[in-house]
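J.: Need coordinates for the following:
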Amino acid sequence: MTTSSVKGFRDILPEEAAGRRAVLATASEMLVAYSYREVELPLLEHGELFARTIGESTDIVEKEMYAFEDRDGSLLALRPEGTASLVRAYIEAGLSRSLPVARLYYQGPMFRRERPQKGRFRQFTQIGAELIGRNDAGADAESISLAADICSAAGVEGFRIEINSLGDQQCRPAYREALVAFGREHIAELCDDCRSRIERNPLRLLDCKVEGCRTLMGAAPMMGDQLCDPCRAHHDSVLEILDASGIEVVARPSMVRGLDYYCRTAFELIADGLGAQDAIGGGGRYDGLVAKLGGPDLAGVGFALGVERMLMAAGSQATDAGPEMLVAPLCAEAAATAASLARRLRQAGRRVEIGSAERRLKAQMKSADKTGVAFVVIIGEQELAGGSATVRDMAAGQDLPACFPLMATGAEAIAAMEGGGRDEA
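T.: So this is what the prediction gives:
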């Protein structure tokens, strides 16, 4: 009887793992180019961190967060997102004193107990970037530009950037009341979840995935019509900077994002063809979050990108690099010499596999051919006695005319093989 993986969790096999490594490496290079510095965050946090920041009435906290009681009675949670964790780390480390303006990024697994479907898993990987300490429109534009550049560099084509303004503490309360009034007026047409959201978190009405609610909310009042003058000016400045940078965006007045801490700018990167889960990632401004967690009153803006969604949108072309060479010992006495030579070749930068002395040469050759090995270095009793290796050029299907000494350095052995068998040791 076999044991299967937990529902919503999956194994990342070699071919996909290669694509993930390529995306993460590309993203890291772009983040460094934008002067962001990496922070490694723990998987476990106190559950209250997310209730205070994401919002107690959000779907993430109410339905999706993996939370449990520790042995000391404290509530712990697997992180469902990274911004709250990074801000917590920023405050706890006292970085506001040394980095009042901080560009920080993180990458790693997140956990949400959502319904598994295409592009959505209960364990998924995110790349996130946060710019803390700047409240100007240029910071919002930089965040959007960085997210777009990461996706482009990772091979994601044809995505669009959708943007909205969520207002702030000055203008959002009036909009909230307008939404409450609209929801009450149409309460009979709303799903059960939306009925419970009317009083607790009316902005979430705009983000409901039930088709009937989505159709109804098309007639609801929109935040853009009720922005205060400072929020409107901020939004216009963001759009102006993006336009000057050659970054096209599309207005989406109904966008609210799924987390309570967002204000003013909110954006998503959308790739058609992914099905219902078409957002590659998104983010926005979260002024007040640092202060809410006990830090100084600093502004912030950032985003997170889903690695799995990026790979789906890009159609990952990376492949897992197999061995370039096989060192094939033909007897037990050759095992130590084979291991020593393989290590020298690896230290010289080659991908090397060692065969088993218990397998016949024919079987080792067949395995090498299947994995695309370029050279097979044969070490048997004859080679041990003569002190030099026999090398099979797999593309030519024949042994090289000359060999290299078994005690040659890795560089010398490589030069002999790639030079067509000339003994350059």
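J.: mind checking how far stretch 279-286 is from the chain centre?
T.: On the basis of Cα atoms, centre = their mean, to the nearest Å, stretch 279-286 is displaced by 13 Å from the centre of the chain it belongs to.
J.: now what about it, what contacts it?
T.: Here stretch 279-286 makes contact (Cβ atoms under 8 Å, 6 or more residues apart in numbering) with 83, 126, 128, 140, 143, 147, 151, 156, 159, 166, 257, 261-271, 274, 299-306, 309-310, 313. All C-beta atoms are positioned from the backbone trio N, CA, C, and that covers glycine.
J.: which residues sit in contact with R359?
T.: No residues are in contact with R359 under the rule Cβ under 8 Å, 6+ apart.
J.: List phi and psi for it.
T.: phi -100, psi 140 (degrees, to the nearest 10).
J.: That one and I161: what is the separation?
T.: To I161, R359 is 55 Å away according to Cβ to Cβ, to the nearest Å.
J.: same check, this time on R264
T.: Look at R264 and I161: by Cβ to Cβ, they are 16 Å apart.
J.: Looking at those two, which has the bigger crowd around it?
T.: Comparing R264 with I161 by other Cβ atoms under 10 Å, the one with more neighbours is R264, at 25 against 20.
J.: Okay, and the beta partners of the closest residue to L95 other than its chain neighbours?
T.: Distances taken as Cβ to Cβ, 6 or more residues apart in numbering place A102 nearest to L95, at 5.9 Å, with adjacent residues excluded. Under the criterion DSSP bridges, A102 forms beta bridges with I132.
J.: Can you name the residues that contact A102?
T.: 90, 95, 130-133.
J.: And those, which is closest to A374?
T.: E130 (44.7 Å; Cβ to Cβ).
J.: How about the secondary structure of the closest one?
T.: Three-state assignment for E130 (DSSP: H, G, I helix; E, B strand; the rest coil): strand.
J.: ok, the nearest residue to it once chain neighbours are set aside - how many residues close by?
T.: Closest residue in space to E130, ignoring its immediate chain neighbours: G302 at 3.7 Å, by Cβ to Cβ, 6+ apart. G302: 28 surrounding residues under other Cβ under 10 Å.
J.: thinking again about what came up before, may I ask which of the contacts of A102 has the most neighbours?
T.: I132 (27 neighbours).
J.: wait, isn't it in contact with G295?
T.: No. Counting by Cβ atoms under 8 Å, I132 does not reach G295; the two are 9.1 Å apart.
J.: can you list residues touching both of the two?
T.: With Cβ under 8 Å, 6+ apart, I132 and G295 have common neighbours 87, 90.
J.: if we can go back for a sec, am I right that the residue nearest to E130 sits in a helix?
T.: No. Under the criterion used here (three-state DSSP), G302 is strand, not part of a helix.
J.: quick one: what helix or strand has V327 in it?
T.: Element membership of V327 [criterion: DSSP states H and E] is strand 325-329.
J.: whoops, I mixed them up, E358
T.: Counting by DSSP H and E, E358 is found in no helix or strand.
J.: Make 9 the starting number, not 1.
T.: Happy to do that; since the first residue is 9 now, the last one works out to E366.
J.: ok, so what distance separates it from K378?
T.: 19 Å.
J.: again, but for G141
T.: In terms of Cβ to Cβ, G141 sits 55 Å off from K378.
J.: Show me the helices in the stretch 109-258 of the chain, by range?
T.: 145-161, 180-193, 200-208, 219-225, 237-252 (DSSP state H, counting those that start in this stretch).
J.: which residues of the stretch 209-358 of the chain fall in strands?
T.: 258-259, 271-278, 287-293, 308-314, 333-337 (DSSP state E, counting those that start in this stretch).
J.: Would you format those strands as CSV with distance to K71 included?
T.: Output for those, formatted as CSV (distance: least, Cβ to Cβ, whole Å):
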stretch, distance to K71
strand 258-259, 30
strand 271-278, 21
strand 287-293, 19
strand 308-314, 19
strand 333-337, 52
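J.: can I get those in a markdown table with mean pLDDT?
T.: Shown next, in a markdown table, are those (pLDDT from 0 to 100):
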| stretch | mean pLDDT |
| --- | --- |
| strand 258-259 | 94 |
| strand 271-278 | 93 |
| strand 287-293 | 93 |
| strand 308-314 | 95 |
| strand 333-337 | 94 |
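J.: which stretch among the ones you listed comes nearest Y114?
T.: Short answer: strand 308-314, nearest of these by Cβ to Cβ, at 8.8 Å.
J.: quick one on the thing from earlier: which pair of the contacts of A110 spans the longest distance?
T.: Using Cβ to Cβ, the two most remote members of those are L103 and L139, lying 13.1 Å apart.
J.: most packed of the helices of the stretch 109-258 of the chain?
T.: helix 145-161 (a mean of 22; mean count of other Cβ atoms under 10 Å).
J.: and for that helix, what are the contacting residues?
T.: Taking Cβ under 8 Å, 6+ apart as the rule, helix 145-161 contacts 34-35, 37-39, 42, 44, 135, 137, 139, 167, 169, 171, 242-243, 245-246, 248-250, 253, 255, 257, 272-273, 275, 277, 288-289, 291-293, 307, 309-311, 313, 318, 321.
J.: what do you get for stretch 43-53?
T.: Counting by Cβ under 8 Å, 6+ apart, 36, 39, 84-87, 90, 92-94, 96-97, 111-117, 119, 137, 154 sit against stretch 43-53.
J.: and D19, how far is that from H242?
T.: 45 Å.
J.: same check, this time on A376
T.: Counting by Cβ to Cβ, the gap from A376 to H242 is 62 Å.
J.: low-confidence ranges in the stretch 59-208 of the chain?
T.: 63-68, 70, 127 (pLDDT under 70).
J.: For burial, what's the neighbour tally of E197?
T.: With other Cβ under 10 Å as criterion, E197 counts 13.
J.: Report all helices and strands that the longest helix along the chain contacts.
T.: The single longest helix within the chain, with elements called by DSSP state H, is helix 22-41. In terms of contacts (3 or more Cβ pairs under 8 Å, 6 or more residues apart in numbering; DSSP states H and E), helix 22-41 is packed against strand 110-119, strand 131-140, helix 145-161, helix 315-322.
J.: Can you add distance to D215 and give those back as CSV?
T.: CSV is the format used below for the helices and strands packed on helix 22-41 (distance: least, Cβ to Cβ, whole Å):
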stretch, distance to D215
strand 110-119, 19
strand 131-140, 19
helix 145-161, 20
helix 315-322, 18
